[in-house]
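Asks: Requesting a structural model of the entry that follows:
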Amino acid sequence: MTEHSSDYSKWLINWKTNYSSQSKSRRVIDLYEIILKSEFYDTDYWYFAGDKDINSRLVSFTKEDWQKLREDLANWKSNQIEILSLVLSTVKNSSGLSDTSPSESMKSECYAYILTVCDDDLFIDLIDNIHFLKLNTNKDINVLNRIKNRLLKLKDSPVIQNSGSSEFFYTKKRYEDFIVLIDTEIEKADTKNK
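Replies: Take a look at the predicted model:
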């Protein structure tokens, strides 16, 4: 008999409860199951080990697979979307944001979509990597405008440092940088569409 860690044993017992994907795509299901199997591991796991499993699957994704993944995200739990987002936005090549491969562009496009559909709490966490949107070579102006609208809703919230607030996630300057970045990306998309 094989011994399993207690985390894995809990997962074996509860996997049907946590399984929320509705996809019929084998590639999306494979990706989802990688996340599901290790969803309760800490972020270090996803930065240093789990990302390899996911990225090895994403490399073979076609445009159709990416579309099916985006469609299925509405069924995923917030922590599962967060894990995918973490892996998508982790750029490991030495050129960082200066050299965009088709794969990085598709990851960025999916990340942008996630920013439009995730819950508000996750959105607040994910905008910290909003610079990742620069890698998207197929910018969708409607998606970018939805992201901007979500950002604008945060302006007077406790999430942003306003006069007299002592607890916040982002300084006012950082928030303004987010707005400048999204406006720049919207302008690029608008120019490309003309």
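Asks: hey, let's count contacts and neighbours off CA atoms from now on
Replies: Will do.
Asks: Mind jotting down where the strands sit in this protein?
Replies: Counting by DSSP state E, one finds no strands in the chain.
Asks: residue nearest the centroid of it?
Replies: Taking Cα atoms, centre = their mean as the criterion, Ser85 is the residue nearest the geometric centre of the chain, at 2.4 Å.
Asks: Spit out the contact partners of the closest residue to that one other than its chain neighbours.
Replies: Distances taken as Cα to Cα, 6 or more residues apart in numbering place Tyr111 nearest to Ser85, at 6.2 Å, with adjacent residues excluded. By Cα atoms under 8 Å, 6 or more residues apart in numbering, Tyr111 lies in contact with Ser85, Leu88, Ser89, Leu133.
Asks: So which of those residues are in helices?
Replies: Judged by DSSP state H, the subset of the contacts of Tyr111 located in helices is Ser85, Leu88.
Asks: The longest helix along the chain - contacts with which helices or strands?
Replies: Ranked by residue count, the top helix of the chain under DSSP H comes out as helix 172-193. With contacts taken as 3 or more Cα pairs under 8 Å, 6 or more residues apart in numbering; DSSP states H and E, helix 172-193 sits against helix 141-153.
Asks: buried residues in the helix it packs on?
Replies: By neighbour count on 16 or more other Cα atoms under 10 Å, the buried set for helix 141-153 is Ile141, Val143, Leu144, Asn145, Arg146, Ile147, Lys148, Arg150, Leu151.
Asks: What of stretch 70-89?
Replies: 70, 72-74, 76-77, 80-89.
Asks: go on, stretch 177-189?
Replies: So, applying 16+ other Cα under 10 Å, buried residues of stretch 177-189: Phe178, Ile179, Leu181, Ile182, Glu185, Ile186, Lys188, Ala189.
Asks: can you check stretch 33-49 too?
Replies: Neighbour-count burial for stretch 33-49, counted by 16+ other Cα under 10 Å, picks out Glu33, Ile35, Leu36, Lys37, Ser38, Glu39, Trp46.
Asks: do the same with stretch 60-69
Replies: By neighbour count on 16+ other Cα under 10 Å, the buried set for stretch 60-69 is Phe61, Asp65, Trp66, Lys68, Leu69.
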